[in-house]
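Enquirer: sequence first, then the predicted structure, then my questions.
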Amino acid sequence: MKQKVKSIAKSLYDVLLDTVRVKSIQFTITMSFILITVIVMLVVSLVLYSKFSKTAEENAFLNTQQVIEQVQFNLENYIKGMADTFEVVDAKVAKSRGIPSDKLLEQLDTIASTREDIVSINLFTADGGLVTGIHTTEMRKNTRLLEQSWFRSALDNPNHLTFSLPHIQNLFKDPYKWVVSMSKGVSIMHDGKWQDAVLLVDVNFKTLDDVFRTVSLGKKGYVYIIDDSAGNIVYHPQQQLIYIGLKYENVEQALKFSYGKYMDVSEGESRLNVVRTVNNIGWKIIGVSYLDEMMTTRKEVSTFMIWLLVIVLIFILLISSFMSARISKPIKRLKKSMEMVEKGDFDTYIHVRGADEVEQLSRRFNLMVSRVRELMDQSILEQETKRKNELEVLQSQINPHFLYNTLNSVVRMVGNGRNEEVVTTITSLSKFFRISLSKGKNIITIGEEIEHIRNYLIIQKMRYKDKFDYDIQVDEDVLSYKTLKLILQPFVENALYHGIEYMVDEGHIHISASKINDKILFQIRDNGVGMSEETLAAILSGQVKSEKGSGVGLRNVHERIQLYFGFDYGVHVESELEEGTLVKIWIPAEEL
């Protein structure tokens, strides 16, 4: 990037010098201005490029770190579930007085049926004899049971749960399956005496494999697992590495970290490795991301900035050449007046004396400014009328849709004999529409708006039952202030239909109104599913329209408030996924 920019700068500098030699001094001044512009643009471009590159690398690491931490969390939860199941099996074996027994087999079969990933549950004596078990067939010969790692670990560390590396289950004459073995040394009552034994639970490794194959770290990135004792591979997308050995994984480096990151180079490609340790099992999760994938955007921005620089420089060269050749004192005065108009001062009139062309230009300019001012006033009036009409149409859509849903609920309640709820719902509906109509007025008191939303929530509470609750806190001294009608209902609808309806737990909506200095602040907060920054931006721009509720969106309410009260007021939304949404509505504190 830097070399390309330097090359462009040198070429432009040479062109400028050649041009200066053959042009007038006036054009030389123009070329000097262009040269300064070029230098500033180059410096700014290099600073922005460097800043972006650093930010992109930090974001890439943060993204990889978050993915691996989520994998760690999921794996720890899965292993905890496996261990809890094993403890239940262990407890059943410990309580059994005399093994084998049909009752114990029935209990073990019940436990196994609760998890699809359990392959078998078996109990062996210390000398390798099978005492009892489920999901088993005839044992194979020459299994070398006493030499298997999970068996030795259980005898060497009695009463300690041991997890094995993934391996082929070869004890029984069944199809070979990849399993992770959980084993533990226990004492059992067998043949009328207490004996040392080994409890074994084999879990299908495919479940873990399915979890890790869903992890995405770009097109080439992946996740693998090793044990922290010898660096043996527990899981790898290329599972054959467990048998044929490591080709390019820097396991020695990974073993140095419990929590960290490092860079390595494999087959000529730089890779970022993020390491996390799984608690209570001694496994390490390593996420591998390829830097060439993470930095693709940086290359695109580099190309874009170079092309932008070239185009801007050509544009500046052409404009500067033209203006410098035509410059004159009357034109400068005309330019100054134009700058005032550009800043929004349409009361500017030009009084230029000079050549006929300049005087004609000034008169034409004055006529143009006057005409633009008229057109702007006309456009504003038309837009205000159009927006009012659109809002009135939207408001008219609220009542039929809401009335239809509410009456359906009333019919169901009547059919179920819930007469008290029917009375409450119809009473609230009557009050709701009384305030909605407000004799055609758009301005009502805050007390009426709060009463309107309270009736709306009562009706929705009847429909949704225990799906949500709500509370309303309003300062008494703001109830008499004026507000626009129906500015709270759209956001409460959105909280219900898009925030709380998809929750498993009970939702909550908090509504408040208070006076801050010379403004009124309404707040609607819910604990729903929230939304991402991209979704919120789409809603703010009016690109997203609800298929439920009134259809009156955030943007409509915001523009409506600004239309009536000015651009110092409006709606502000804060939302975060899984955290809920907060809507703030600002209006002036004015008595009705």
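Expert: All right, it came through fine.

Enquirer: pop the domain breakdown of the chain in here.
Expert: Domains of the chain are assigned by automatic domain parsing as 1-95+296-327, 96-207, 380-588.

Enquirer: now render the ones you listed as CSV, adding mean neighbour count and distance to R271.
Expert: Where you see a C-beta, it was placed from the backbone N, CA and C, and this is true even at glycine. Formatted as CSV, these follow (neighbours: other CB atoms under 10 Å; distance: least, CB to CB, whole Å):
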stretch, mean neighbour count, distance to R271
domain 1-95+296-327, 14, 10
domain 96-207, 17, 24
domain 380-588, 16, 29
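
Enquirer: mean confidence (pLDDT) on the biggest helix by length in the chain, please.
Expert: When the chain is parsed with DSSP state H, its longest helix is helix 25-95. If you average the pLDDT over helix 25-95, you get 79.

Enquirer: repeat that for stretch 523-537.
Expert: Per-region confidence: stretch 523-537 scores 87 on mean pLDDT.

Enquirer: in JSON lines, list the domains of the chain along with distance to L367.
Expert: Rendered in JSON lines, the data for these read as follows (distance: least, CB to CB, whole Å):
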{"stretch": "domain 1-95+296-327", "distance to L367": "22"}
{"stretch": "domain 96-207", "distance to L367": "79"}
{"stretch": "domain 380-588", "distance to L367": "21"}
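
Enquirer: mean pLDDT lowest where, among those domains?
Expert: Averaged per stretch, pLDDT over the domains of the chain is lowest on domain 1-95+296-327, reaching a mean of 71.

Enquirer: ok, then the element right after the longest helix of the chain?
Expert: Next helix or strand after helix 25-95 toward the C-terminus (DSSP states H and E): helix 102-113.

Enquirer: and that following helix, what does it pack onto?
Expert: helix 25-95, strand 118-125, strand 130-134 (3 or more CB pairs under 8 Å, 6 or more residues apart in numbering; DSSP states H and E).

Enquirer: between those, which one is nearest to Y464?
Expert: Smallest distance to Y464 across the helices and strands packed on helix 102-113 (CB to CB): 31.3 Å, for helix 25-95.

Enquirer: tell me what angle that closest one forms with strand 130-134.
Expert: 120 degrees (axes from the mean of the first three to the mean of the last three CA atoms, to 10 degrees).

Enquirer: so who does the nearest residue to P166 once chain neighbours are set aside touch?
Expert: With sequence-adjacent residues excluded and distances taken as CB to CB, 6 or more residues apart in numbering, P166 is closest to F205, at 4.7 Å. Residues counted as contacts of F205 (CB atoms under 8 Å, 6 or more residues apart in numbering) are P166, K177, W178, V179, V180.

Enquirer: which ones among those residues lie within strands?
Expert: Those of the contacts of F205 mapping onto strands are K177, W178, V179, V180, per DSSP state E.

Enquirer: could those residues go into TSV alongside distance to Y569?
Expert: Output for the ones in strands among the contacts of F205, formatted as TSV (distance: CB to CB, whole Å):
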residue	distance to Y569
K177	67
W178	64
V179	65
V180	62
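
Enquirer: looking at these, which is nearest L486?
Expert: For those, the nearest to L486 is V180 (59.6 Å; CB to CB).

Enquirer: OK, contacts around the closest one?
Expert: V180 makes contact with M82, F163, S164, L165, P166, D202, V203, F205, L208, according to CB under 8 Å, 6+ apart.

Enquirer: cool, and H572?
Expert: Going by CB under 8 Å, 6+ apart, H572 touches V583, K584, W586.

Enquirer: after the host helix or strand of R364, next one along is what?
Expert: Element membership for R364, per DSSP H and E: helix 356-415. On the C-terminal side of helix 356-415, the closest following helix or strand by DSSP H and E is helix 419-437.

Enquirer: sorry, back to before: how far out from the middle of the chain is the longest helix of the chain?
Expert: Offset of helix 25-95 from its chain centre (CA atoms, centre = their mean, to the nearest Å): 14 Å.

Enquirer: and the angle from that helix to strand 118-125?
Expert: Using the same axes, to 10 degrees: helix 25-95 against strand 118-125 is 40 degrees.

Enquirer: if we can go back for a sec, right, and the domains of the chain - which one's nearest M338?
Expert: domain 1-95+296-327 (12.7 Å).

Enquirer: nearest to G221, of the domains of the chain?
Expert: domain 1-95+296-327 (7.6 Å).

Enquirer: phi, psi for the spatially most central residue of the chain please.
Expert: Geometric centre of the chain, nearest residue: S532, 4.6 Å, by CA atoms, centre = their mean. Main-chain dihedrals, S532, degrees, to the nearest 10: phi -80, psi 170.

Enquirer: hang on, it packs against L577?
Expert: Yes: using CB atoms under 8 Å, S532 is in contact with L577, at 5.7 Å.

Enquirer: what's the farthest-apart pair in the contacts of V180?
Expert: The largest separation in these, counting by CB to CB, is between M82 and L165 at 14.7 Å.

Enquirer: so how far is the host helix or strand of I226 from its chain's centroid?
Expert: Applying DSSP H and E as the criterion places I226 in strand 222-227. The chain centre lies 26 Å from the centre of strand 222-227; the measure is CA atoms, centre = their mean.

Enquirer: just the C-alphas of it, formatted as CSV.
Expert: The C-alpha trace of strand 222-227 is given here as CSV (Å, rounded to 0.1, in the frame of the first residue of the first chain):
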residue,chain,number,x,y,z
TYR,A,222,-10.9,-25.2,12.3
VAL,A,223,-10.8,-26.3,15.9
TYR,A,224,-8.9,-29.3,17.4
ILE,A,225,-8.4,-30.7,20.9
ILE,A,226,-5.4,-32.2,22.6
ASP,A,227,-4.8,-33.5,26.1
